[in-house]
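[1] Build me a structure from this.
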Amino acid sequence: MPEIFEYSHTVADDEIDALGHANNVAYIEWLQAAAVGHSAAQGWPGEKYRELGAGWVVRRHTIEYDRPALAGERIVVRTWVATMKKVTSIRRYRIFRCDDETLLATAETKWAFIDYATGQPARIPAEIARSFVIVDR
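    Numbers count the residues shown, from 1 in each chain. Predicted coordinates:
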């Protein structure tokens, strides 16, 4: 159960925009895939949240782009949980090019825990909060 989770990906041709680098929407998809992968690795795959009737929704994404990602490049998204409060959590990310460990982007997502039936915020259950180590870096 990793404190810092790594999601690996090869930049696909269909993720490239008119400027010849990965579109900003692709970065959001990578963040989402990394977060979902980390949650599953901690014992909380999507089906378990559906059984619970509650789970995470994004409140805010913040991304700072440092270098472009290009078609065919292998990247890794490193992610961890930085805070876990009553109904919200901050998750941080660093995206690197695998070949040379060049930092491509840094990001942060504020997640809110909601009741799926009502769409209203819900307290994060203790068993979920305990499943994630808080990493403050």
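[2] Any chance you could list what contacts stretch 39-50?
    The list of residues contacting stretch 39-50 from outside it, by Cβ atoms under 8 Å, 6 or more residues apart in numbering, reads 1, 2, 5, 36, 55, 56, 116, 128, 131, 132. Heads up, the C-betas are built off the backbone N, CA and C, glycines and all.
[3] which two in those are spaced the farthest apart?
    Greatest spatial distance among the contacts of stretch 39-50 (Cβ to Cβ): 2 and 116, at 26.9 Å.
[4] quick one, what contacts residue 56?
    Applying Cβ under 8 Å, 6+ apart as the definition, the contact partners of residue 56 turn out to be 35, 39, 49, 89, 111, 112, 113, 114.
[5] And the third one, how far from residue 94?
    Taking Cβ to Cβ, to the nearest Å as the measure, residue 49 falls 25 Å from residue 94.
[6] and which of the contacts of residue 56 is nearest to residue 18?
    Of all the contacts of residue 56, the one with the least separation from residue 18 (Cβ to Cβ) is residue 35, at 28.0 Å.
[7] Confirm for me that that closest one is in contact with residue 109.
    Yes: Residue 35 lies in contact with residue 109 (Cβ atoms under 8 Å); the separation is 6.8 Å.
[8] any common contacting residues for the two?
    By Cβ under 8 Å, 6+ apart, the residues touching both residue 35 and residue 109 are residue 91.
[9] which stretches of the chain have low pLDDT?
    Regions of the chain meeting the criterion pLDDT under 70 cover residues 1, 137.
[10] Let me know the next secondary structure element after the helix ranked longest in it.
    Within the chain, and with DSSP state H defining each element, the longest helix by residue count is helix 24-41. Downstream of helix 24-41, the first helix or strand assigned by DSSP states H and E is helix 46-52.
[11] List the buried residues in the next helix or strand after that following helix.
    Sequence-wise, the next helix or strand beyond helix 46-52 is strand 54-65, with elements assigned using DSSP H and E. Of the residues in strand 54-65, those scored as buried under the neighbour-count criterion (16 or more other Cβ atoms under 10 Å) are 54, 55, 56.
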